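*Asks:* Please find the sequence and the predicted model below.
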Amino acid sequence: MSKDLNIWLDNLLEDIESVQFRRKSSRRVRVDVAAEALPALLELLQGHASYVHLSAITCVDWIEEDEFELIYHLWSYEAHSLVSAHTRIPRDPGVYLSIYDLYQPAAFFERDIHEMFGVYFEGSPDMEKFILTEWNGPPPMRKDFDSEAFVNQTFEWEEYRPKWLEEIEAEGGGITTRPEDVRR
Amino acid sequence: MSDIMHKDKGSILGPLKSLAFFSRQPVTEKLEPREASANYRGFHVNDWEVCIGCSTCQKVCDNAAITMVRIPGLPEDPVKGVRNERPAIDYGRCCWCGLCVDICPTSSISLTREYVHTCREEELDSYFILPDPNGIHGKYFPKGWTKSADADLVDLERQPMSEMKPKKRRDNFDEIVDGYTDQQAIIEASRCVQCGMCHDSCPTHMHAPEYIRAIWEGDAEEAVRQIYRSNPFSHVCGRVCTHRCETACSIGRRGEPVAIRWLKRYAMDSVSDKRIREIAAEDKVDYVTGKKVAIIGAGPAGLTAAYDLVKQGHVVTVFEALDKPGGMTRYGIPEYRLPYDRLDADVEVITSLGVEIRYNTRIGQDVSMKDLKRDYDAVLVALGLQNGRSTRIPGTENEHVRSSVDLLRRITQGEAIDVLSTVAVIGGGNVAMDIARSLARLQKQAYGKVGMTVAALEDFDHFLADPEELKEAREEGIKILDSRGPKEVVISKKGKLKGLTTLGVVSIFDEDGRFAPRYDETDEQLHKAEMVIESIGQMSDVSLFGDDLTEQLEWNRGRLQVDDDGRTSVAWLWSAGDMVHGPDVVHAVADGHRVAASIMKYLES
Amino acid sequence: MRPENYQAISQPASNEYELNFGPNHPGIEGNYAFRVKLNGDTVVSARADAGYLHRGFEKLMEGRLWIQNIALVPRICVPDPVPMEVCYSLAIEDLCGLEVPERAQWIRVMQLEMSRLAAHLFAFGGHAATTGMYTPMFWGVADRDLILDRFEELTGGRVYSIYNIPGGVRREVPEGFLGRLSSLLDYLESRLPDYDSLFFTNQVFVKRARGVGTLTQEKALKWGVTGPNLRATGLAFDVRRDDPYLVYDRLEFDIPTEQGGDALARNLIRRAELKQSIHILRQVIERLPSVTGPIRAPIPNPLAWNVPAGETYTRVESSKGELAYYIVSDGSDKPYRVHVRGPSAMHAVQVLEKLAIGSRLEDIAQIMFSLDACPPEVDR
């Protein structure tokens, strides 16, 4: 039964023009769809193809293409297959619809993505900060935020002065390469 | 489906079950720290005698916990690839993942089973430790997580280099080595851990880590740019260099060193000659200084100096006695090791920058040193070692006793030489192998078979020629004998050369290390030969200086004396290359750079 | 939340008060704050407040080489670190097309099941402690300690084993290890009757846990519940069976389910899974000596290793539920994006908030532990 469901879904998705569809393996499918069409696709998958479980929503920051990519991973208990629906939204307003009305687990992920990437999901029940409640800086998971530079500017590193180092420096030796010098 | 029974009514006798515990042994955990398991990832120890200070552990550490510290007094040998640095670890950052142990090229660092360290806040410095063989607290703990063969993160095997099979190469001078394919080069370049030992040990300090990384990134042009920072003879060195870099390579400690020489060849062969000329000209200055420099000898030393000087705007004229450039690289190294067109490509890069080479112009004959002193602001003499030495054993006056250097030059020039069917070669260095293998090819062409014997003083464990040369020579049908010293060239009454007699060698050096071979007179062999070739060393023909100049210069046992910058005792005269430092291509290139820097300083003042 | 940043909320009704449950509280698993508004003893509203364990792993992983991340990854889930390592390695192997040797796959299954045993002992021990029964907790932690001894012997680390690497595992199984593991399993099985009489069938606990935090199957599916919590509502879904990885499709094991959906049912599921894990481990112990071969597929020099561009979504069944990694590679030597989807992302936040409403103050901790909500996975 589950195989039939997969075959039916594959055929259906291939026929739809605005959807780019690729089955990567027996249990993994990748679908690329335009941002406006995504909620309709999710409704289709949930209502008619038994994809009732939202596994995760991921956001990827493609800073060079000036876009955010949102990926909705849906799992079907009946068809034993995972569909990853990819869509792109422009980076600048960074606003998208919430799918909370379709999938309730979306609330957590949308809140998390809002906090980490700055993407606002309209209609999501709770867009308040969750993990970084006292953070006032830019959304940290964006590629233009350099967390290492932030740490180096905000905090002071402790300098170690152990005895053995002082003895070696007295003989003419000393530290030659610090780990920061070789990090790429 | 649960398989436990749930009774909804409890029983008043329920608690009595706990009476059973009176007969049970309690589980006791001791308070003192117990010995950890055999695989435990505890504190570090580092065997300082095995550690070479390559800092690969520092590069793989994911918490940036390792700092390299220089410790005076430890052995430091750039040629062998040993630094006097050792890793120090910040235990505030280390997570004891053991990646440093798994990637260490020498397997000197390992983790012990020690895991207890306490300190008060004032003693926070005790978290920064310098692991040595004694452990962090000086107490002995057995080793825990150590290097294991199935989990070694370094790739110990080199990409094999394919070469022509003996049957195909025995009768021609086509290049033997095929060179790496793109994929092989990228895989080989990925083995490099960027430690820089090769850079330190190279006589001309080539930027090998940088060009290897560029090859790995697929950017052959950047590799060529990095190569030209230090060596304009890289088509040559990429084929025939004595690769001190590979001897120092830290991967070579336990495995096969990274094929630095073949990667250099790959990068140079991947980029077109025209593009290489453009890259080499990138940092040439756009003005002319008006100073003129004369260079005698168009070999690696002379032309490298010419390359440096012309890029800084000086006018350079090179005088070459023969009709083609390259010196020993053309007239000494056979074509099957270094094709002439590759050497020409290297030289063309230098001439395309504006260096003028006057061929067939012999100083001392066509032009005198006095003329050079008058017409130029500085003169560099880089003649090389054109003449071969002779053993002067009885019989060497015969016309069929030749020197290898002379014969190799004639073969390169395409002169017809006597190819006799049985030949004996005295000597065991690379030049002896060159002449033996070249003549063997000519013998195969003329007679269909090889009759070549090489007799060397050294034994096979201390052979002077490269092991690859030895192996390939044997594959080409050459008989190689070790520990044999030349006694006499046997000439018949009619003056025909019959053979060479050799004696067994007892020792080569005396107690003071001087060259004084002793033979076993009872162990005499006769090797039939119609020609004997001597390949026991080279010397320079310095007659070009003339009597006056020879008086003024300082000499050291027949060799021209120069200081560290290559200056002679005469203010306007420098010397570089084989003639002052002995035969080696990459040393000649390094010399050329040094001398050019010295000349430039002199010209500015 | 720092004390100086706390803002009191106005009190609308006179008998409602707000209580800050956590972050340092024995009834909270890990460091997690839970702000509940109570009317007397009954919870009226609940709000989760995470962030005390936020270490920024997803950002950190973008700045490190692929191999350096194996030391970061186990720290994302503290009680059950092995599925994290295995999932990360599986994702990279999927991107690179690396074939993991069979022996390594069996060793990985062995580790995963050992870790599941340890995590379940911890979980129901913790649950017992929230009801005031501390003895099962001490027993659970002590027995888990014996499992950690086996981990120490196999991997060199007790909790953060850092033993899985893309391509396989890092060291061979020590001699005699399988024998010691087998006697440990015998010991654990002999302890199960003790646990049953003290804890699982003990009416003190059963009456306490029955009916607390009830989830129906529809609600569970709607709220995205996975793992033992979902199986406690009757749906037999296990990633090992329905989305198999490693050699699980060659092993024989049942998927236990319960019908109640309450805290008691979830606990009984964990006990049943203990038995199943022991059963799987016995099969592995029997099979492992005859599976020979290398323990690692060769990877290039880790300092110069470019993983081909692509993306992959890899799922594993951890002791808490469905664990997934979404990794994007742009063809360079560092990950472009690593998204960790921990099972507790659902359980600790929405499910806990919704189940807490209407329950009593003393049952909040019980609900959290019975859901096995692990804050490090929420915060990453």
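*Replies:* Arrived safely.

*Asks:* contacting residues around whichever residue of the stretch 51-200 of chain C sits closest to chain B?
*Replies:* Residue nearest to chain B within the stretch 51-200 of chain C (C-beta to the nearest C-beta): C:Gln68, separated by 3.2 Å. C-beta: built from backbone N, CA, C; applies to glycine. C:Gln68 makes contact with B:60-62, B:99, C:302, according to C-beta atoms under 8 Å, 6 or more residues apart in numbering or on different chains.

*Asks:* Give me the number of neighbouring residues for whichever residue of chain A sits closest to chain C.
*Replies:* Nearest residue of chain A to chain C, counting by C-beta to the nearest C-beta: A:Pro105, 3.2 Å away. By the criterion of other C-beta atoms under 10 Å in any protein chain shown, A:Pro105 has 24 neighbours.

*Asks:* Return the residues in contact with it.
*Replies:* Counted by C-beta under 8 Å, 6+ apart, A:Pro105 has contacts A:54, C:223-224, C:346, C:350.

*Asks:* Quick check: the two most widely separated of the contacts of C:Gln68?
*Replies:* Farthest-apart pair in the contacts of C:Gln68 is B:Cys61 and C:Pro302; separation 11.7 Å (C-beta to C-beta).

*Asks:* that older thread, what's the closest of the contacts of C:Gln68 to chain A?
*Replies:* Of all the contacts of C:Gln68, chain A sits closest to B:Cys61, with 6.8 Å by C-beta to the nearest C-beta.

*Asks:* how close does the residue nearest to C:Arg380 when sequence neighbours are not counted sit to A:Leu102?
*Replies:* Excluding the flanking residues, the one nearest C:Arg380 by C-beta to C-beta, 6 or more residues apart in numbering or on different chains is C:Phe57, at 4.7 Å. Distance of C:Phe57 to A:Leu102, given as C-beta to C-beta, to the nearest Å: 29 Å.

*Asks:* Pick out whichever of these two has more residues nearby.
*Replies:* C:Phe57 (19 against 16).

*Asks:* residues in contact with that one?
*Replies:* Here C:Phe57 is in contact with C:72-73, C:75-76, C:338, C:340, C:380 (C-beta under 8 Å, 6+ apart).

*Asks:* Relative to chain A, which of those is nearest.
*Replies:* The closest of the contacts of C:Phe57, once distances to chain A are taken by C-beta to the nearest C-beta, is C:Arg380, at 8.3 Å.

*Asks:* Go ahead and confirm that closest one touches C:Arg341.
*Replies:* No. C:Arg380 is not in contact with C:Arg341 according to C-beta atoms under 8 Å; the separation is 9.8 Å.

*Asks:* So between the two, which is more surrounded?
*Replies:* C:Arg380 (26 against 23).

*Asks:* Could you list the contact residues of the stretch 51-200 of chain C toward chain A?
*Replies:* Residues of the stretch 51-200 of chain C lying near chain A by C-beta under 8 Å from any C-beta of the partner chain: C:51, C:54, C:56, C:58-60, C:63.

*Asks:* Keep only those of these that are in helices.
*Replies:* Filtering those for membership in helices, criterion DSSP state H, returns C:58-60.

*Asks:* most surrounded residue in those?
*Replies:* Most surrounded of those: other C-beta under 10 Å gives C:Lys59, at 20 neighbours.

*Asks:* Tell me, what's the model's pLDDT at that one?
*Replies:* Listed pLDDT for C:Lys59 reads 90.

*Asks:* Relative to chain A, which of the residues of the stretch 51-200 of chain C next to chain A is nearest.
*Replies:* Using C-beta to the nearest C-beta, these come closest to chain A at C:Gly51, 4.1 Å.

*Asks:* Against A:Glu134, how distant is that closest one?
*Replies:* 8 Å.

*Asks:* Show me which of the two is the more surrounded one.
*Replies:* Higher neighbour count among C:Gly51 and A:Glu134: C:Gly51, with 21 against 9, using other C-beta under 10 Å.

*Asks:* pretty sure that one contacts A:Glu115?
*Replies:* No. The pair C:Gly51 / A:Glu115 is not scored as a contact, 9.6 Å apart, by C-beta under 8 Å.

*Asks:* which neighbours do these two share?
*Replies:* Both C:Gly51 and A:Glu115 are contacted by A:130-132, under the criterion C-beta under 8 Å, 6+ apart.

*Asks:* Export the biggest helix by length in chain A to CSV, keeping only CA atoms.
*Replies:* In chain A, with assignment by DSSP H, the single longest helix is helix A:2-15. C-alpha atoms of helix A:2-15 as CSV (Å, rounded to 0.1, in the frame of the first residue of the first chain):
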residue,chain,number,x,y,z
SER,A,2,2.8,2.4,0.9
LYS,A,3,4.5,1.8,-2.4
ASP,A,4,1.4,2.7,-4.3
LEU,A,5,1.1,5.9,-2.4
ASN,A,6,4.6,6.8,-3.3
ILE,A,7,4.1,6.0,-7.0
TRP,A,8,0.9,8.1,-7.0
LEU,A,9,2.7,11.0,-5.3
ASP,A,10,5.6,10.8,-7.7
ASN,A,11,3.4,10.9,-10.7
LEU,A,12,1.3,13.7,-9.3
LEU,A,13,4.3,15.9,-8.5
GLU,A,14,5.9,15.3,-11.8
ASP,A,15,2.9,16.6,-13.6
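
*Asks:* quick one: strands adjacent to the next helix or strand after it?
*Replies:* Using DSSP states H and E, the helix or strand that follows helix A:2-15 in sequence is strand A:19-25. Using DSSP bridges, the strands paired with strand A:19-25 in its sheet are strand A:28-33 (antiparallel).

*Asks:* The helix or strand following the strand it pairs with - contacts with which helices or strands?
*Replies:* Using DSSP H and E, the helix or strand that follows strand A:28-33 in sequence is helix A:38-49. Here helix A:38-49 touches helix A:2-15, strand A:67-76, strand A:81-90, going by 3 or more C-beta pairs under 8 Å, 6 or more residues apart in numbering or on different chains; DSSP states H and E.

*Asks:* I'd like these as JSON lines, with mean neighbour count and mean pLDDT appended.
*Replies:* Formatted as JSON lines, those follow (neighbours: other C-beta atoms under 10 Å in any protein chain shown; pLDDT from 0 to 100):
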{"stretch": "helix A:2-15", "mean neighbour count": "14", "mean pLDDT": "74"}
{"stretch": "strand A:67-76", "mean neighbour count": "23", "mean pLDDT": "90"}
{"stretch": "strand A:81-90", "mean neighbour count": "20", "mean pLDDT": "89"}
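
*Asks:* Tell me which of the ones you listed lies nearest to B:Val45.
*Replies:* Using C-beta to C-beta, the nearest of the helices and strands packed on helix A:38-49 to B:Val45 is strand A:67-76, at 46.4 Å.

*Asks:* residue contacts, C:Gln83?
*Replies:* One correction, residue C:83 is Pro, not Gln. If a contact means C-beta under 8 Å, 6+ apart, then C:Pro83 has C:77, C:112, C:115, C:316-319, C:323 as its contacts.

*Asks:* please redo it, this time with the cut-off set to 7 Å
*Replies:* Taking C-beta atoms under 7 Å, 6 or more residues apart in numbering or on different chains, we find C:Pro83 in contact with C:112, C:115, C:316, C:318, C:323.

*Asks:* Format those residues as JSON lines; extra columns: pLDDT, distance to chain B and neighbour count.
*Replies:* Shown next, in JSON lines, are these (pLDDT from 0 to 100; distance: C-beta to the nearest C-beta, whole Å; neighbours: other C-beta atoms under 10 Å in any protein chain shown):
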{"residue": "C:Leu112", "pLDDT": "92", "distance to chain B": "19", "neighbour count": "29"}
{"residue": "C:Ser115", "pLDDT": "92", "distance to chain B": "17", "neighbour count": "28"}
{"residue": "C:Val316", "pLDDT": "91", "distance to chain B": "21", "neighbour count": "23"}
{"residue": "C:Ser318", "pLDDT": "89", "distance to chain B": "21", "neighbour count": "31"}
{"residue": "C:Leu323", "pLDDT": "90", "distance to chain B": "21", "neighbour count": "28"}
